[in-house]
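Predicted structure and sequence below. I'll ask about it afterward.
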Amino acid sequence: MHPFFRWIKKNLIDEEPPPDEEFTPDESEEDEPLPSVDVPSPVDEPPPESPRPIRKTPRSGEGRKSSRLKKDPIRKSLELFSLCLLVVVLATLSVLNTYQSESSVSLLEQMLPLFFYAIGFPALLFGMFLANWKGDAGLFGAITLIVGIGLVIQFRMGSFSEGLDKPATLLPFPCGLGAFSLGILLCSKGRCASLARFGWVAYAVALLGLLSMLVFGRRFRGGFYMPGGMNPTEIVKPMLVWFLAFFLCRVGKDLSETRLGIPFPPWRSVLWLVALWGVPLVLAVVLHDLGLMVLLAAILLTMVFVATGVGFYLLLGFGSVFAAAMIVQRISDHARARFDVWLHPFQDPSGKSWQALQALSAMFSGGWWGAGLGAGLPQTVPIVTSDFIYAEIAEELGFVGCICILLAYLVLFSRGFKAAGASRTPFERYLCAGLTAALALQTVLNIAGVTKALPMTGITLPFISHGGFSLVTTLFIAGMLVGLSDRKGQVSRS
């Protein structure tokens, strides 16, 4: 080996060269030129590869299993329903502790709707599991909690006391559970997009319901009812929301045109919207249904705002609703009487104002914690099971119980609007927002009327007030919301 290469090997390649060996060039070869050798520069050397971090791999299937259990909405829904069922059982035991019924019907027969509740929702969850439902478990839990509380309150009020002798009192909840399942079936897995093609059909069904009340209905307590106390106008609410969601998909861009923050839409779109929505509003006025008129106007404002994002529509709409209420109050004796009771309740305390004053007295007697389920005297309030059921809740559950129920409603509405914001298409977003707004506005109008914050409108409290068509319709709306929350294979966030 050449002496130069031997020196490179010892000093540059070997880690520790032997100390006793040193490079001494040979004198005989001192004058000979050394050959040129290209020594690699340190800059040209490739950088050393950084060691890859060692990842701790989980056991086979362990990570996927824990993630699936953590995010499975069916599992969460079942857990929430179990908690709701526990609340319902405890509330039922509280009622049974003081329950005194003069009916000859057995107690088990009167509790049939509660048995349907305990069996029906788990069976429905099993069907949703088979259909791979991936919706909002919190929305489902809020609905089942409010429905369960409503059934317990109606049982306490004796609404099921006639048992099978009067099946009309027992059938609303099983029928409502079927409507709930139908709503989920129609709107889950992206099927809601096909409903947009039937917008005009929904509008025709809504008008048919109003016209049937006008033709075949009979006057009772200032309103119109079908034989047997039925009120098919309840179906008008979801049908008109369905139609309006379809219509806004066509004219939503026109309505969002503004100048200096003021909407300037094409006059043709405005005329079509006013004409189509004005027909059910006029029919509601003819039917002396002040609550339906206010509710439809508020739904229109909410959905137009969701479709356009123009806040001026809200100001314009609320002003129009106030003006329309003043006009109806002047031309309708029924509406005028309700305004008089609201503004001057003590002018006729034993007549027209008796119901409102008794409700206020019942709520005041409830205090913070209430008298307890079954321990109050809600029968002193006329028609307490329907329009004034909130007074019974305040008397027996107190202010704290009312706050808890209002929080359950708030969870329901917030989850509904959240599902609307996560919708994939404009039609789904408008439909989900409109249905949620319908339930929220109905709740506000009922509670505000009972507490005298607003005139009484005759609107029932969703899921809790007694009424066959009302319960079936609200459960159908709730089912559509649960179906709309399904992300079609995507796991919803809770």
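That came through fine. Numbers count the residues shown, from 1 in each chain.

Distance check, R197 against Q347.
Separation of R197 from Q347 (CB to CB, to the nearest Å): 54 Å. Bear in mind the C-beta positions are built from the backbone N, C-alpha and C, glycine included.

my bad, should have said V147
Taking CB to CB as the measure, V147 falls 39 Å from Q347.

out of these two, which sits in the busier spot?
A side-by-side neighbour count of V147 and Q347, using other CB atoms under 10 Å, places V147 first with 25 against 11.

Tell me who's in contact with the nearest residue to the more buried one once chain neighbours are set aside.
What sits nearest to V147 in space, not counting adjacent residues and going by CB to CB, 6 or more residues apart in numbering, is F463, at 5.0 Å. By CB atoms under 8 Å, 6 or more residues apart in numbering, the contact set of F463 is I143, I146, V147, G150, L471, T474, L475, A478.

Confidence-wise, which of these comes last?
In terms of pLDDT, the lowest of the contacts of F463 is L471, showing 91.

what about that residue, how many residues close to it?
Counted with other CB under 10 Å, the burial measure for L471 works out to 26 neighbours.

From what I see, it and F173 are in contact.
Yes: under the contact definition of CB atoms under 8 Å, L471 touches F173, with a separation of 6.5 Å.

in the stretch 301-450 of the chain, which spans are helices?
Listed in chain order, the helices of the stretch 301-450 of the chain (DSSP state H, counting those that start in this stretch) span 312-331, 333-343, 354-366, 389-421, 426-450.

so what's the backbone phi/psi at the residue nearest to V147?
Backbone geometry at F463, expressed as degrees, to the nearest 10, gives phi 70, psi -10.

Go ahead and flag the most central residue of this protein.
Centre of the chain computed as the mean C-alpha position; nearest residue by CA atoms, centre = their mean is G416, 3.0 Å away.

ok, now which ones touch that residue?
Residues near G416 by CB under 8 Å, 6+ apart: L139, C432, A433, L435, T436, L439, A440, L481.

Mind pulling the model confidence for it?
Reported pLDDT at G416 in the predicted model: 95.

for the helices of the stretch 301-450 of the chain, which one sits closest to G190?
helix 426-450 (8.7 Å; CB to CB).

Where does pLDDT dip in the chain?
Counting by pLDDT under 70, the ranges of the chain that qualify are 1-71, 101-103, 220-230, 261, 488-494.

ok, 50 please
15-23, 27-31, 34, 42-44, 65-69, 489-494 (pLDDT under 50).

got TSV for the contacts of F463, with secondary structure too?
Shown next, in TSV, are the contacts of F463 (DSSP: H, G, I helix; E, B strand; the rest coil):
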residue	secondary structure
I143	helix
I146	helix
V147	helix
G150	helix
L471	helix
T474	helix
L475	helix
A478	helix
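
how about the residues you listed in CSV, adding distance to L343?
Converted to CSV, these look like this (distance: CB to CB, whole Å):
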residue, distance to L343
I143, 36
I146, 32
V147, 35
G150, 31
L471, 32
T474, 30
L475, 36
A478, 35
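
Going by distance to V286, which of these wins?
Comparing the contacts of F463 against V286 with CB to CB picks out T474 as the nearest, at 24.6 Å.

How much space separates the closest one from D486?
When CB to CB is the yardstick, T474 and D486 sit 20 Å from each other.

These two: which is more packed in?
Applying other CB under 10 Å to T474 and D486 shows that T474 carries more neighbours, namely 30 against 25.

Now that one: closest residue in space, sequence neighbours ignored.
Per CB to CB, 6+ apart, closest to T474 is P462, 4.6 Å.

show me what contacts the one you found?
When contacts are counted by CB under 8 Å, 6+ apart, P462 is found next to I146, L439, Q442, T443, S470, T474.

May I ask which two of the residues you listed are separated the most?
Comparing every pair within the contacts of P462 by CB to CB identifies I146 and S470 as the most remote, at 13.5 Å.

between the contacts of G416, which is nearest G158?
Taking CB to CB as the measure, G158 sits nearest to L439 out of the contacts of G416, at 26.6 Å.

Next, count neighbours for the closest one.
Based on other CB under 10 Å, the number of other residues close to L439 is 21.

Now do the contacts for it.
L412, F413, G416, P462, T474, I477, A478.

will you turn those into a markdown table that also has distance to F115?
Formatted as a markdown table, these follow (distance: CB to CB, whole Å):
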| residue | distance to F115 |
| --- | --- |
| L412 | 24 |
| F413 | 29 |
| G416 | 29 |
| P462 | 23 |
| T474 | 21 |
| I477 | 24 |
| A478 | 21 |
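
any idea which of those residues is the one closest to G370?
Scanning these for proximity to G370, where the rule is CB to CB, the winner is P462, at 21.4 Å.

For the closest one, give its distance to I146.
Taken as CB to CB, the spacing of P462 relative to I146 amounts to 8 Å.

Secondary structure element holding G120?
Secondary-structure element containing G120, defined by DSSP states H and E: helix 112-130.

so what secondary structure elements neighbour that helix?
Helix 112-130 makes packing contacts with helix 73-98, helix 137-156, helix 172-187 when contacts are defined by 3 or more CB pairs under 8 Å, 6 or more residues apart in numbering; DSSP states H and E.

Give me the angle between it and helix 73-98.
Compare the direction of helix 112-130 with that of helix 73-98 by axes from the mean of the first three to the mean of the last three CA atoms, to 10 degrees and you get 170 degrees.

Can you show me the CA trace of helix 112-130 as PDB?
Taking only C-alpha atoms (Å, rounded to 0.1, in the frame of the first residue of the first chain), the coordinates of helix 112-130 have been written out as PDB:
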ATOM      1  CA  LEU A 112    -100.000   1.000  29.100                       C
ATOM      2  CA  PRO A 113     -98.500   4.100  27.400                       C
ATOM      3  CA  LEU A 114     -95.600   4.000  29.900                       C
ATOM      4  CA  PHE A 115     -95.000   0.300  29.000                       C
ATOM      5  CA  PHE A 116     -95.000   1.200  25.400                       C
ATOM      6  CA  TYR A 117     -92.400   3.900  26.200                       C
ATOM      7  CA  ALA A 118     -90.100   1.400  28.000                       C
ATOM      8  CA  ILE A 119     -90.300  -1.200  25.100                       C
ATOM      9  CA  GLY A 120     -90.800   1.000  22.000                       C
ATOM     10  CA  PHE A 121     -87.700   3.100  22.100                       C
ATOM     11  CA  PRO A 122     -85.300   0.200  22.600                       C
ATOM     12  CA  ALA A 123     -86.900  -1.600  19.800                       C
ATOM     13  CA  LEU A 124     -86.600   1.500  17.600                       C
ATOM     14  CA  LEU A 125     -82.900   1.800  18.500                       C
ATOM     15  CA  PHE A 126     -82.400  -1.800  17.500                       C
ATOM     16  CA  GLY A 127     -83.900  -1.000  14.100                       C
ATOM     17  CA  MET A 128     -81.600   2.100  13.800                       C
ATOM     18  CA  PHE A 129     -78.700  -0.100  14.700                       C
ATOM     19  CA  LEU A 130     -79.500  -2.500  11.800                       C
END
